[in-house]
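# heads up, no residue letters with this:
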């Protein structure tokens, strides 16, 4: 943040302080204080599944070269799919978005975001967006983890070893836990993923005695059930959320950006632990949620990170959920 | 707004007042004060066209029966297209979103939104969302109007005849002005649109001496040019915005919801003044922006109301612009 931008923020905060109460009294629809004219609105979005409120909370994004991202396709093919979605040819933007659900047992989070930001990081924005959404991490009763890649678990703990969700139980897929906590598996893991072993140790450390492993098909909390989707990592797991005859699925990393991977489910990306299995499972899951017309949230979906998949040719197409100012 | 909700807002505003400055000093990414846990984030979104900043500002939505909306298609056909977009079969939600652009001449608005809200209206939210976006209506140097339907001009003036954009020039298509200011045209207009004559008189009244009519192809302000797209109304006009080799088009009501109308450009809706012309122009414009891969904003597009069109079969498909927390 430049000095100029900080000055602007400070100025608008002062205006907010002066105006907030009278403005809110007059204007039913006023949801927040004014922001600087160069800022985006806070990254959170709410919708209902039965009686449950789902809130997606943006954690920012990372950028990487398109080249080398898909392991089993020509660059030109990848760029053609990107172009058909009006995405840049050379740089892939990968967004991160957490899913929160109010349940009768309390507020639960799916995955934990990246580590809190340092310097000019474009990710690690979840804490700020949670605050904007009125979500106090101390209210989170469970963080339900899909898999142990750093962008999903680094937000569990601070650099100095504090719990960022101080009162939460951490619920993890037993298969995922077994892999990344066994030193003997280091040499059996792709070289690019070996850092996951140390990060797993560090990020879960503050939660000793608060970690619960669950099996495929088990209930994480009432109404939320684990659905194995192994391949992207050894224990990568989705979660089905059901209430009052409605349901949705948090599909985590079943795709990276769906604009790119849904049309070509067989493509394997650099982050896939077992590319063949990941691709086969991806196709099966996309087919299932398309057939069932089931609403999904995904960790790397375009914000607000919820929508549907439809069959399209030999692949699938992501259809964003309709945005509404009414929840 | 219920009393409970007002109480919640008042509480969070107080917290905001206490926390805003220290929170902003610590957290570069914190864009706004906390909101109630049952509120949506403010409805505004920013992106760049060359050096210009475009801000879309949501004005809420209206709901109406699907039945009777499309005049030249069977209900079942309409419902099939809605279903393929995961939209309800019986009720159509029509969102309203204004487009603002910073220009060297100052801040301009495209269209003015619905009238300020009364009671439980789900529209007329633009004032609150402008405030959230840091947009002061007094800073708007020009409101550039696409056409005179009430949802586009009623937000110009208050019920008691005050200018809601106190310092703005109002720029209107000359052809549109000519139609709706000539009493002799009342009986030549569809019965459902006859209220537009009185509303035009009332809403423009506070701007006497500040109204500028422009012809097709003329510059509204430097860099912004009128593009006739008559049919939806007699003078319905789009605006091309260009800067530094980049461009976009505010296409206004060239479609109502693009999910419904882009796949079937020949469908005519109840709000079309001249259905045959509207449909022919719709197809021509969609073809042009698809061919040119031009970014567009539209008044009834799903928020944040910007994106692209691609050719798809005998029609077109709307591709939302990528959402980014970075502008």
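Sure, I can see it. This one's a predicted model, so the numbers in the text were calculated from it and none came from an experiment.
# up against chain B, what does the stretch 51-200 of chain A have?
Residues of the stretch 51-200 of chain A lying close to chain B by Cβ under 8 Å from any Cβ of the partner chain are A:53, A:58, A:60-61, A:84-87, A:93, A:95, A:117, A:122, A:124-125, A:127-129, A:131-135. In this view, the C-beta of every residue, glycine as well, is placed from N, C-alpha and C.
# surely residue A:89 touches residue A:82?
Yes: between residue A:89 and residue A:82 there is a contact at 6.0 Å, judged by Cβ atoms under 8 Å.
# what sits in contact with each of these two?
residue A:66 (Cβ atoms under 8 Å, 6 or more residues apart in numbering or on different chains).
# higher neighbour count, the two?
Neighbours per residue, other Cβ atoms under 10 Å in any protein chain shown: of residue A:89 and residue A:82, the larger number sits with residue A:82, 19 against 14.
# so how far is residue A:60 from the more buried one?
20 Å (Cβ to Cβ, to the nearest Å).
# give me every residue that touches residue A:225.
A:217-219, A:239-240, A:242.
# make that residue A:236, sorry
By Cβ under 8 Å, 6+ apart, the neighbours of residue A:236 are A:146-147, A:173, A:176, A:228-230, A:252-254, A:273, A:278.
# near chain B, which residues of the stretch 201-327 of chain A?
A:293, A:295, A:302-304, A:307-308, A:310, A:319-327.
# just the buried ones out of those, please.
Neighbour-count burial (16 or more other Cβ atoms under 10 Å in any protein chain shown) applied to these gives A:295, A:302-304, A:307-308, A:310, A:319-325.
# list the ones among those residues that fall in helices.
Of these, none are assigned to helices by DSSP state H.
# between those, which sits nearest residue B:204?
Minimum distance to residue B:204 across those is 27.9 Å, recorded for residue A:325 (Cβ to Cβ).
# ok, now how distant is the closest one from residue B:231?
Counting by Cβ to Cβ, the gap from residue A:325 to residue B:231 is 29 Å.
# do the same with residue A:79
37 Å.
# any low-confidence regions in the stretch 1-150 of chain A?
For the stretch 1-150 of chain A, the stretches with pLDDT under 70 are A:1-36, A:118-120.
# run the last query once more with 80
A:1-37, A:117-120 (pLDDT under 80).
# can you give me the strands in it?
Along the stretch 1-150 of chain A, counting by DSSP state E, counting those that start in this stretch, strands occupy A:44-49, A:52-65, A:91-103, A:106-110, A:140-144.
# pull the contacting residues for residue A:227.
Per Cβ under 8 Å, 6+ apart, neighbours of residue A:227: A:216-217, A:237-240, A:249.
# how close does it get to chain B?
Per Cβ to the nearest Cβ, to the nearest Å, residue A:227 is found 21 Å from chain B.
# pretty sure that residue belongs to a strand, no?
Yes: assessed with DSSP: H, G, I helix; E, B strand; the rest coil, residue A:227 lies in a strand.
# quick check: beta-bridge partners of it?
residue A:238 (DSSP bridges).
# and it, what pLDDT?
For residue A:227, the pLDDT comes out at 98.
# so it versus residue A:253, what's the distance?
Distance from residue A:227 to residue A:253, by Cβ to Cβ: 13 Å.
# where exactly do the helices run in chain A?
Secondary structure of chain A, counting by DSSP H: helices at A:3-26, A:75-84, A:126-132, A:150-153, A:174-180, A:195-204, A:258-261, A:275-292.
# starting at the chain centroid, how far to the second one?
What that stands for is helix A:75-84. 24 Å (Cα atoms, centre = their mean, to the nearest Å).
# cool, the third one as well?
How far helix A:126-132 lies from its chain's middle: 14 Å, per Cα atoms, centre = their mean.
# wait, what's in contact with the closest residue to residue A:174 other than its chain neighbours?
Using Cβ to Cβ, 6 or more residues apart in numbering or on different chains and skipping the chain neighbours, the partner closest in space to residue A:174 is residue A:213 (4.0 Å). The contact partners of residue A:213, by Cβ under 8 Å, 6+ apart, come to A:172-174, A:177.
# neighbour count added to the contacts of residue A:236, as a markdown table?
Formatted as a markdown table, the contacts of residue A:236 follow (neighbours: other Cβ atoms under 10 Å in any protein chain shown):
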| residue | neighbour count |
| --- | --- |
| A:146 | 28 |
| A:147 | 27 |
| A:173 | 31 |
| A:176 | 23 |
| A:228 | 16 |
| A:229 | 26 |
| A:230 | 20 |
| A:252 | 27 |
| A:253 | 26 |
| A:254 | 31 |
| A:273 | 21 |
| A:278 | 27 |
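# can you name the residue of the stretch 151-300 of chain A nearest chain B?
residue A:293 (7.0 Å; Cβ to the nearest Cβ).
# what number of residues lie near residue A:53?
Counted with other Cβ under 10 Å, residue A:53 comes out at 17.
# the closest residue to it other than its chain neighbours: neighbour count?
Closest residue in space to residue A:53, ignoring its immediate chain neighbours: residue A:102 at 4.7 Å, by Cβ to Cβ, 6+ apart. Neighbours of residue A:102 under the rule other Cβ under 10 Å: 19.
# please apply the same query to residue A:274.
So residue A:274, with other Cβ under 10 Å, has 17 neighbours.
# my guess is it meets residue A:235, correct?
No: between residue A:274 and residue A:235 no contact is recorded; they are 11.3 Å apart, counting by Cβ under 8 Å.
# rewinding a little: now, the contacts of residue A:225 that are in strands?
A:219, A:239-240, A:242 (DSSP state E).
# export these to JSON lines and tack on distance to residue B:107 and neighbour count?
Output for the ones in strands among the contacts of residue A:225, formatted as JSON lines (distance: Cβ to Cβ, whole Å; neighbours: other Cβ atoms under 10 Å in any protein chain shown):
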{"residue": "A:219", "distance to residue B:107": "53", "neighbour count": "13"}
{"residue": "A:239", "distance to residue B:107": "45", "neighbour count": "27"}
{"residue": "A:240", "distance to residue B:107": "47", "neighbour count": "18"}
{"residue": "A:242", "distance to residue B:107": "47", "neighbour count": "16"}
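# lovely, talk soon.
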